[in-house]
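In: What follows is a predicted structure for the sequence shown.
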2 protein chains.
Amino acid sequence: MVTTKEPVLRFTEALVRLAHLVQQVFAEVSREHDLTPQQAQLLCLLIDGPVGMTELTRALHLEKSSLTGLVDRAEKRGLVTRTRDSRDRRACRIELTPDGARIGVLAHEEVAQRLDALAGELPEGHRELLASTIGGILTAHARPPAPGR
Amino acid sequence: MVTTKEPVLRFTEALVRLAHLVQQVFAEVSREHDLTPQQAQLLCLLIDGPVGMTELTRALHLEKSSLTGLVDRAEKRGLVTRTRDSRDRRACRIELTPDGARIGVLAHEEVAQRLDALAGELPEGHRELLASTIGGILTAHARPPAPGR
DNA sequence: CGAAATTAGTTCGTATTATGAACCATTGTC
DNA sequence: GACAATGGTTCATAATACGAACTAATTTCG
């Protein structure tokens, strides 16, 4: 009496496939705006205001040198600018140009729209549940073994 | 008694972050086996048996030429081999070497393990629900606007 | 104070990834 | 048998990502 119907998509399989799908959506949207996915992601991260390089490396999970290159190219395309931090003269803050802001916001909206559309088919309430469940996973991962604090 | 600790993370935000997390896990595991994430993914896809190039491009969402390069490098590292298809002499099938199979299975298991661990914190039953919900999204996306058929 | 360690970014060399256009060879189709 | 379609490769190019070595500003502390 084995349940051999090949049912319900194994959990990890589901996660991996979903991640892949999200990436695809991102890639599509990026391409439509003539951006690479990495550039698009960078712009999205800067929408809420300028961010320093070090913080960006954490957000993007990139090495410093990789980020330098990414920002270089984005700057060359007129999407962002480097402004020296007044308090700490080593640091700099990456800021969107008007052009970068326009494209960034647009891309962000479109990604959100398409992902929402994908979830449109879901039964009532599943979307919220999915979001909160994912939220749980994310916070769980944010601090792996942190008993204190 | 609403748990208003945080505005529940918008849906799309959750998806994007989750995708990012999955990628990270993949990257970690890959690195530990001295593979690039792309190579690891290739190996994982071949675990169930040889696959043709064209089918691989669909699975990986890569252009033909990109895939050629990826397979080239994997072959050079002794992870896969190209075997000419006997039926169609244009086509070839990519197959794991013993070495590639070993590493591929290992990597696959480890990814699964870590993703499972992430979900370990979830309330009872949420994992299944999450999996099936994602399954719904995936199949919904598989055939976007297909009224007939 | 001033030397030493830290931190923030950049530069450089290298491997990989990804694409599109042009191409070759084999299969199908009339 | 000509001709289109299919399966892959080659080539040139741009972007991505890393680590090691480096510069400059900032802390730390003896």
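Out: That came through, no problem. Residues are numbered from 1 along each chain as shown, chains lettered A, B, ... in the order given.
In: any idea how far the one residue sitting closest to the centre of chain A lies from residue A:30?
Out: Centroid check for chain A by CA atoms, centre = their mean gives residue A:41 as the closest residue, at 5.5 Å. From residue A:41 across to residue A:30, the span is 8 Å (CB to CB, to the nearest Å). All C-beta spots, glycine's among them, are computed from the backbone N, C-alpha and C.
In: pretty sure residue A:91 is touching residue A:56, no?
Out: No - using CB atoms under 8 Å, residue A:91 is not in contact with residue A:56, being 11.5 Å away.
In: For those two, indicate the residue with more neighbours.
Out: Using other CB atoms under 10 Å in any protein chain shown as the criterion, residue A:91 and residue A:56 rank with residue A:56 on top: 19 against 13.
In: got the contact list for the closest residue to that one other than its chain neighbours?
Out: Excluding the flanking residues, the one nearest residue A:56 by CB to CB, 6 or more residues apart in numbering or on different chains is residue A:67, at 5.7 Å. By CB atoms under 8 Å, 6 or more residues apart in numbering or on different chains, residue A:67 lies in contact with A:53, A:56, A:57, A:60.
In: My guess is the last one contacts residue A:45. True?
Out: Yes - with contacts counted by CB under 8 Å, residue A:60 reaches residue A:45, the gap being 7.2 Å.
In: Including secondary structure and distance to residue B:107, could the contacts of residue A:67 go into TSV?
Out: Converted to TSV, the contacts of residue A:67 look like this (DSSP: H, G, I helix; E, B strand; the rest coil; distance: CB to CB, whole Å):
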residue	secondary structure	distance to residue B:107
A:53	helix	32
A:56	helix	29
A:57	helix	25
A:60	helix	23
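In: so where do the strands sit in chain A?
Out: Ranges of strands in chain A, per DSSP state E, are A:51-52, A:80-84, A:92-96.
In: what's the neighbour count on residue A:10?
Out: Residue A:10: 13 neighbours (other CB under 10 Å).
In: what are the bridge partners for residue A:52, then?
Out: Here residue A:52 shows beta-bridge partners residue A:93, assigned using DSSP bridges.
In: circling back to that earlier point, got the contact list for the closest residue to the residue nearest to the centre of chain A other than its chain neighbours?
Out: The shortest distance from residue A:41 to any non-neighbouring residue, by CB to CB, 6+ apart, is to residue A:60 (6.8 Å). When contacts are counted by CB under 8 Å, 6+ apart, residue A:60 touches A:38, A:41, A:42, A:45, A:67, A:70.
In: what does residue A:118 give?
Out: Residue A:118 neighbours (CB under 8 Å, 6+ apart): A:21, A:25, B:137, B:140, B:141.
In: Next one: the last one from DNA strand C, what distance?
Out: Spelled out, that is residue B:141. Note on residue B:141: its distance to DNA strand C, by CB to the nearest atom of the strand, to the nearest Å, is 18 Å.
In: Next: the third one.
Out: According to CB to the nearest atom of the strand, residue B:137 and DNA strand C sit 22 Å apart.
In: just the second one next, same as before
Out: With the distance defined as CB to the nearest atom of the strand, residue A:25 ends up 14 Å from DNA strand C.
In: what about that residue, distance to residue B:74?
Out: Residue A:25 is 27 Å from residue B:74, by CB to CB.
In: One more: the third one?
Out: Note on residue B:137: its distance to residue B:74, by CB to CB, is 30 Å.
In: Contact residues of chain A facing DNA strand C?
Out: Contact residues, chain A versus DNA strand C (CB under 7 Å from any atom of the strand): A:52-54, A:64-65, A:67-69, A:71-72, A:82, A:85, A:88, A:90-93.
In: how about low-confidence regions in chain A?
Out: Applying pLDDT under 70 to chain A flags residues A:1-9, A:121, A:142-149.
In: That one: helices as residue ranges?
Out: A:11-32, A:37-46, A:53-60, A:64-76, A:98-119, A:126-142 (DSSP state H).
In: what's the first one packed up against?
Out: Contact partners of helix A:11-32 among helices and strands, from 3 or more CB pairs under 8 Å, 6 or more residues apart in numbering or on different chains; DSSP states H and E: helix A:37-46, helix A:98-119, helix B:11-32, helix B:98-119, helix B:126-142.
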